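Student: Pasting a predicted model and its sequence here:
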Amino acid sequence: MNYILICVVIFFIILITMQYSLNRIIILLKEIKDILRTLQARDKL
């Protein structure tokens, strides 16, 4: 019983940390995309 509970808690902790990491990666990719767009707009001028 206790082992199952511990495994479930660890599983949810792993899922939460993966979600947090993926969100950070998505935010970074959006920032990189914005930077590239501004650079591309400068080159067109």
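Tutor: All right, it came through fine. Numbering: from 1, shown residues only.
Student: Only C-alpha atoms from now on, for both contacts and neighbour counts.
Tutor: OK.
Student: all helices for this structure, in order.
Tutor: 2-44 (DSSP state H).
Student: Can you pull out the low-pLDDT segments for it?
Tutor: Along the chain, segments meeting pLDDT under 70 are nowhere present.
Student: please redo it, this time with the cut-off set to 80
Tutor: Within the chain, the segments meeting pLDDT under 80 span 1, 44-45.
Student: count of neighbours near residue 30?
Tutor: 12 (other Cα atoms under 10 Å).
Student: ditto for residue 5
Tutor: By other Cα under 10 Å, the burial measure for residue 5, its neighbour count, is 10.
Student: how close does it get to residue 20?
Tutor: Distance from residue 5 to residue 20, counting by Cα to Cα, to the nearest Å: 23 Å.
Student: Repeat that for residue 13.
Tutor: Taken as Cα to Cα, the span from residue 13 to residue 20 is 11 Å.
Student: cool, residue 7 as well?
Tutor: Distance from residue 7 to residue 20, by Cα to Cα: 20 Å.
Student: Please apply the same query to residue 36.
Tutor: Separation of residue 36 from residue 20 (Cα to Cα): 25 Å.
Student: One more: residue 26?
Tutor: 10 Å.
Student: Residue 43 now?
Tutor: 35 Å.
Student: With residue 14 instead?
Tutor: To residue 20, residue 14 is 10 Å away according to Cα to Cα.
Student: Residue 1 too?
Tutor: The gap separating residue 1 from residue 20 is 29 Å, by Cα to Cα.
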